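Asks: Fold the following and give me the result.
(chains A, B, C and D)
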There are 2 protein chains.
Amino acid sequence: MSKGVRTRAAILEEALSLTSTDGLSGLTIGLLAERTGLSKSGLFAHFGSKEQLQVAVLRQAQECFTTHVIRPVLPLPRGLPRLEAFAEGWWAWNQSPPFPGGCPIQAASLELDDRPGPLRDEIAGAQRRLRTFIQQGAAMAVTAGHFRPDLDCTLFAFQMVGIAFAQTMTCRLLGEPEGLDFVRRAWRAQVTDAAAAAHNQTGEISHVD
Amino acid sequence: MSKGVRTRAAILEEALSLTSTDGLSGLTIGLLAERTGLSKSGLFAHFGSKEQLQVAVLRQAQECFTTHVIRPVLPLPRGLPRLEAFAEGWWAWNQSPPFPGGCPIQAASLELDDRPGPLRDEIAGAQRRLRTFIQQGAAMAVTAGHFRPDLDCTLFAFQMVGIAFAQTMTCRLLGEPEGLDFVRRAWRAQVTDAAAAAHNQTGEISHVD
DNA sequence: TTGACAAAAGCACGATCGTTCGTTTATTTT
DNA sequence: AAAATAAACGAACGATCGTGCTTTTGTCAA
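Replies: Okay, here's the model as predicted:
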């Protein structure tokens, strides 16, 4: 690994931290240069423009999420087991991501939703892929008989995304310790509803853990 | 109404528009002065500091929300009717608020959740009050017999907040036209679940509209 | 209508923003 | 080790940031 690639990675790591606390618009070249011990111009040369730096940060955030949350659950059996594990991993990610602040992509989703351009496209793509992943996970659960056949998997993904946002607001903004508990119960209710007519009517489903 | 109060109101209205598209950190004194036709210093004198301007904007946003969404439903009968009307009003507000961008408070909730200070306190207070309003609305529905007695009203509010966030992401960031449809179905599912054992088991409840 | 006071303007400040360019220092490759 | 290339620096750019002043303009009551 050559020098350039190594420092670029170091820059992005620090940039990710900064973004998680101050947002994409709070990510500033001068401050980032100071924290990495580089000169502004030296750092700048790695990206060519601020916007490209921001895009790189978003890409890095996605990769980080994939590594921490997505990839670990892929070896698990399709359907409910994988879905449950993903959920628990996602809640844990939201609760304390590998940066000082909250999930940068979640924050950027509301920060840039009215400003068209490459940045918004990047985040929109990330959110779309995530939703698709959830939706397909639910579809597998249907195929496996864990979920009822008439389940709307897109709606299922929509609801799960909602829980994640509510978690961030409750735990991070309001700082309520029982937030994670709400998350789990909301998720349990959703899973129970999705499984309603599959095995039985009472919502008693086979657990993973 | 004296001159000062009038221009202050005009400033705040324009500031609210700006914040809705560019966020609280994108709200800049120079740009705001330009749009209102005032000088930077003339505008600045109305607030004393940028932070106080931001606080004023957040207060204005809350008042606007109260006027458009909260107040209209207060005359309605307690319980489900009022709750349903509030829901529809809230979805409409999220779909197209009275500003060019999205709801500033929702955006600021994720923008400032890691930066302690008066601004975060203001938003946190707003979100707490909103959640309390929902929670009490659900409690009234329990009292009225519309919802089951063992309903966790705090969890109910948590879930509803989640739907609102998911709506913004789906409709505003992703621009999916069927987003509002998801919102209504998710909300319907939540209401159905909350009403489950009240009148009957099928989720068939008395409608308002 | 004049005098008191509020509101806005004008100007300047230090700081920081993103960006460019020429130079110097490291790292590769030959 | 020398030549070629990549990486980082230093200094400066125009612009804009938030924030102080002083002065001018406008408003409102006596």
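Asks: Can you tell me the element A:Asp193 falls in?
Replies: helix A:179-195 (DSSP states H and E).
Asks: Which elements pack onto that helix?
Replies: helix A:80-95, helix A:153-167, helix B:153-167, helix B:179-195 (3 or more C-beta pairs under 8 Å, 6 or more residues apart in numbering or on different chains; DSSP states H and E). (Each C-beta comes from the backbone N, C-alpha and C, glycine too.)
Asks: Return the list of helices and strands in contact with the third one.
Replies: It refers to helix B:153-167. By 3+ C-beta pairs under 8 Å, 6+ apart, helix B:153-167 packs against helix A:153-167, helix A:179-195, helix B:80-95, helix B:118-143, helix B:179-195.
Asks: same thing but at 6 Å, please
Replies: helix A:153-167, helix A:179-195, helix B:118-143, helix B:179-195 (3 or more C-beta pairs under 6 Å, 6 or more residues apart in numbering or on different chains; DSSP states H and E).
Asks: The closest residue to DNA strand C within chain A: what's it in contact with?
Replies: Going by C-beta to the nearest atom of the strand, DNA strand C is nearest to A:Gly30 of chain A, at 2.4 Å. A:Gly30 is in contact with A:Lys40, counting by C-beta atoms under 6 Å, 6 or more residues apart in numbering or on different chains.
Asks: what does A:Ile163 give?
Replies: Counted by C-beta under 6 Å, 6+ apart, A:Ile163 has contacts A:183, A:186-187, B:162.
Asks: Check A:Arg6 too.
Replies: A:Arg6 neighbours (C-beta under 6 Å, 6+ apart): none.
Asks: Quick check, central residue of chain A?
Replies: For chain A, the residue sitting closest to the mean C-alpha position, by C-alpha atoms, centre = their mean, is A:Phe65 at 5.8 Å.
Asks: any idea of the angle the helix or strand where that one lies forms with helix A:80-95?
Replies: Element membership of A:Phe65 [criterion: DSSP H and E] is helix A:50-65. Helix A:50-65 and helix A:80-95 are oriented at 130 degrees to each other (axes from the mean of the first three to the mean of the last three C-alpha atoms, to 10 degrees).
Asks: anything in helix A:50-65 near DNA strand C?
Replies: Yes - Helix A:50-65 reaches DNA strand C (C-beta under 7 Å from any atom of the strand) through A:50-51.
Asks: Next, see if that helix gets close to DNA strand D.
Replies: No - judged by C-beta under 7 Å from any atom of the strand, helix A:50-65 and DNA strand D are separated, with a smallest distance of 11.6 Å.
Asks: re the thing from before, looking at the contacts of A:Ile163, spot the one nearest DNA strand D.
Replies: Closest approach to DNA strand D among the contacts of A:Ile163 (C-beta to the nearest atom of the strand): B:Gly162, at 32.4 Å.
Asks: Got the confidence number for the closest one?
Replies: pLDDT, B:Gly162: 98.
Asks: Quick one: residues contacting it.
Replies: Per C-beta under 6 Å, 6+ apart, neighbours of B:Gly162: A:162-163, A:165-166.
Asks: Can you say which two of these are spatially most distant?
Replies: A:Ile163 and A:Phe165 (7.4 Å; C-beta to C-beta).
Asks: show me the residues around A:Val55 that make contact.
Replies: A:118, A:122.
Asks: ok so, going back, DNA strand D is nearest to which of the helices and strands packed on helix B:153-167?
Replies: Of all these, helix B:118-143 comes closest under C-beta to the nearest atom of the strand, at 12.3 Å.
Asks: Packing partners of the closest one?
Replies: helix B:50-65, helix B:80-95, helix B:104-111, helix B:153-167.
Asks: Burial-wise, tell me which of those helices comes out on top.
Replies: helix B:104-111 (a mean of 26; mean count of other C-beta atoms under 10 Å in any protein chain shown).
Asks: Report whether it contacts DNA strand D.
Replies: No - Helix B:104-111 does not reach DNA strand D (C-beta under 7 Å from any atom of the strand); its nearest approach is 14.7 Å.
Asks: Give me the below-cutoff pLDDT ranges for chain A.
Replies: In the predicted model of chain A, residues A:198-209 satisfy pLDDT under 70.
Asks: and A:Arg6, what element?
Replies: Using DSSP H and E, A:Arg6 falls in helix A:3-22.
Asks: What separation is there between the residue of chain A closest to DNA strand C and B:Gln106?
Replies: With the distance defined as C-beta to C-beta, to the nearest Å, A:Gly30 ends up 30 Å from B:Gln106.
Asks: just A:Pro81 next, same as before
Replies: Applying C-beta to C-beta to A:Pro81 and B:Gln106 gives a distance of 34 Å.
Asks: Surely A:Val73 and A:Ala85 touch.
Replies: Yes - between A:Val73 and A:Ala85 a contact is recorded at 4.4 Å, counting by C-beta atoms under 6 Å.
Asks: Contact residues of chain A facing chain B?
Replies: A:21, A:23, A:25, A:101-102, A:107, A:109-111, A:113-114, A:124, A:155, A:158-159, A:161-163, A:165-166, A:169, A:172-174, A:182, A:185-186 (C-beta under 6 Å from any C-beta of the partner chain).
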